[in-house]
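>>> sequence? don't have it. structure:
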């Protein structure tokens with residue numbers, strides 16, 4: 001199952017909030033989708049959500065690999081339920097704190113490297129290209 005939505009471009013507050021939303025929904029083993037579909041109901045081999053950010057627009061994606069013999073429609077229904085519940089009720093304080101901690105830790109681990117995906121060079125270049133401010137990562 002592959003779901004994809006067009007969302008705002010990088011450098012916006014919306015993208016920062018969607019990154020936290022994605023982490024709570026399906027970004028980790030403790031996420032709602034992983035807990036329900038992979039660990040509780042055991043309907044999928046893998047499940048996740050994430051963002052593909054870009055200068056003009058970005059994409060929010062949910063990807064699930066349904067276990068052989070399971071009904072994809074049932075998995076889609078549960079994805080819709082969890083997505084709707086998170087939109088209506090918002091994350092718990094613990095979920096939000098885990099998401100923020102994960103985002104900060106990932107960024108810090110990334111900028112400990114000079115190059116490579118997520119290194120200092122990427123952070124500076126992304127900020128310079130997308131926002132015109134190489135130091136935008138500070139905010």
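Structure received. Computed from a prediction, not measured in an experiment: that's the story for all the values here. Numbering: from 1, shown residues only.
>>> let me see the ranges of the helices in the chain.
Assigned by DSSP state H, the chain shows helices spanning 13-26, 32-33, 72-89, 93-111, 120-131.
>>> those: which one's closest to residue 45?
Nearest of the helices of the chain to residue 45, taken as C-beta to C-beta: helix 72-89 at 10.9 Å. Where you see a C-beta, it was placed from the backbone N, CA and C, and this is true even at glycine.
>>> state the mean pLDDT of that closest one.
For helix 72-89, the mean per-residue pLDDT is 97.
>>> mind putting the helices of the chain into a markdown table with mean neighbour count and distance to residue 2?
A markdown table is the format used below for the helices of the chain (neighbours: other C-beta atoms under 10 Å; distance: least, C-beta to C-beta, whole Å):
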| stretch | mean neighbour count | distance to residue 2 |
| --- | --- | --- |
| helix 13-26 | 19 | 13 |
| helix 32-33 | 24 | 14 |
| helix 72-89 | 14 | 11 |
| helix 93-111 | 14 | 23 |
| helix 120-131 | 16 | 26 |
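>>> how distant is stretch 78-98 from the center of its chain?
Here the centre of mass of C-alpha atoms in stretch 78-98, compared against the chain's by C-alpha atoms, centre = their mean, to the nearest Å, lies 13 Å away.
>>> do stretch 93-110 as well
Here the centre of stretch 93-110 is set off from its chain's centre by 11 Å, with C-alpha atoms, centre = their mean.
>>> got a list of contacts for stretch 48-57?
With contact meaning C-beta atoms under 8 Å, 6 or more residues apart in numbering, stretch 48-57 is reached by 6-10, 15, 18-19, 22, 25-27, 31, 33-34, 58-64, 129-130.
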